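Trainee: here are the coordinates; sequence isn't available:
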């Protein structure tokens, strides 16, 4: 696992703030991740989706939230695998851990609006890794974009950026889902769900506002990562 640091100027915030971005756990929490968080000491831990895996594969993800929320304020959003997990009361399960689920809603923390844009996938949808990603809740996007002050959106799917978010007034968007392109050759990811072959958004900062994490698990066990390490992202926000 690597730790990647970014420094971002945030207009309107009053003091520096450190965020951790923990993407794509898929019901897996390596010891190195806990050690990394203890070393970096973020003010807030954010999980932009897929902290769970699927039906019957939720306990490790919830245990991670429980352990992390004891030490750091923890916010998470809904990815396609949370939809796939089909828990009868996902919000209640997350609340029990001490973390906070942003399911197409927002909260105000440290002078910043944090929003969570939920995956458009639903339990009944098929071929969730291969087919085109269903659209998100556009009414929530419009409402969130009009909030006064600095805004950070947890959005699991980077493929939502161009059609739904690029022209909105949202200064920072945190995403995952692409798993770094699974294989990376010459700086190019090879495949990402929702983007297909040679995807554009796999890892790093795009347009100085879309930050895509490589994620922390390999769900494609028959296709191991290549040139694409698991990643904890740390963002230092400075008053702009």
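Mentor: Yep, it's here. None of the values given here were measured: they were computed from a predicted structure.

Trainee: so residue 97 is in contact with residue 62, correct?
Mentor: Yes - Residue 97 lies in contact with residue 62 (C-beta atoms under 8 Å); the separation is 5.6 Å. (Each C-beta comes from the backbone N, C-alpha and C, glycine too.)

Trainee: from residue 15, how far off is the residue most central in space within the chain?
Mentor: Central residue of the chain (C-alpha atoms, centre = their mean): residue 48, 1.9 Å from the mean position. According to C-beta to C-beta, to the nearest Å, residue 48 and residue 15 sit 23 Å apart.

Trainee: check residue 200 too.
Mentor: Distance from residue 200 to residue 15, by C-beta to C-beta: 34 Å.

Trainee: who does the closest residue to residue 16 other than its chain neighbours bridge with?
Mentor: Of all residues not flanking residue 16 in the chain, residue 238 sits nearest, at 5.3 Å (C-beta to C-beta, 6 or more residues apart in numbering). Residue 238 has these beta-bridge partners by DSSP bridges: residue 9.

Trainee: neighbour count: residue 200 and residue 15, which is higher?
Mentor: Taking other C-beta atoms under 10 Å, residue 200 and residue 15 do not tie; residue 200 has more neighbours (16 against 10).

Trainee: check contacts around the more buried one.
Mentor: Shown in contact with residue 200 (C-beta atoms under 8 Å, 6 or more residues apart in numbering): residue 206.

Trainee: which element, helix or strand, includes it?
Mentor: Using DSSP states H and E, residue 200 falls within no helix or strand.

Trainee: what's the separation between it and residue 120?
Mentor: In terms of C-beta to C-beta, residue 200 sits 19 Å off from residue 120.

Trainee: ok, residue 90 next?
Mentor: 16 Å.

Trainee: with residue 100 instead?
Mentor: Where residue 120 is concerned, residue 100 sits at a distance of 21 Å (C-beta to C-beta).

Trainee: likewise residue 68?
Mentor: 27 Å.

Trainee: who's more crowded, these two?
Mentor: residue 68 (24 against 19).

Trainee: list the contacts for the more buried one?
Mentor: Contacts of residue 68 by C-beta under 8 Å, 6+ apart are 22, 37, 45, 74, 99.

Trainee: quick check: mean pLDDT of the helix or strand where it lies?
Mentor: Using DSSP H and E, residue 68 maps to helix 59-69. The average pLDDT for helix 59-69 rounds to 97.

Trainee: list the buried residues in that helix.
Mentor: 61-62, 64-65, 68-69 (16 or more other C-beta atoms under 10 Å).

Trainee: could you point out the helix or strand that follows that helix?
Mentor: Downstream of helix 59-69 (by DSSP H and E), the next one is strand 74-77.

Trainee: now the helix or strand following that following strand: how far from the chain's centre is it?
Mentor: Using DSSP H and E, the helix or strand that follows strand 74-77 in sequence is helix 80-85. Centre-to-centre, helix 80-85 and its host chain are 14 Å apart (C-alpha atoms, centre = their mean, to the nearest Å).

Trainee: give me the beta-bridge partners of residue 102?
Mentor: Going by DSSP bridges, residue 102 forms beta bridges with residue 77.

Trainee: and the gap between it and residue 9?
Mentor: In terms of C-beta to C-beta, residue 102 sits 24 Å off from residue 9.

Trainee: sketch out the low-pLDDT regions of the protein for me.
Mentor: The model of the chain has pLDDT under 70 over residues 123-131, 219-222.

Trainee: which residues in it form helices?
Mentor: 31-40, 59-69, 80-85, 90-97, 138-145 (DSSP state H).
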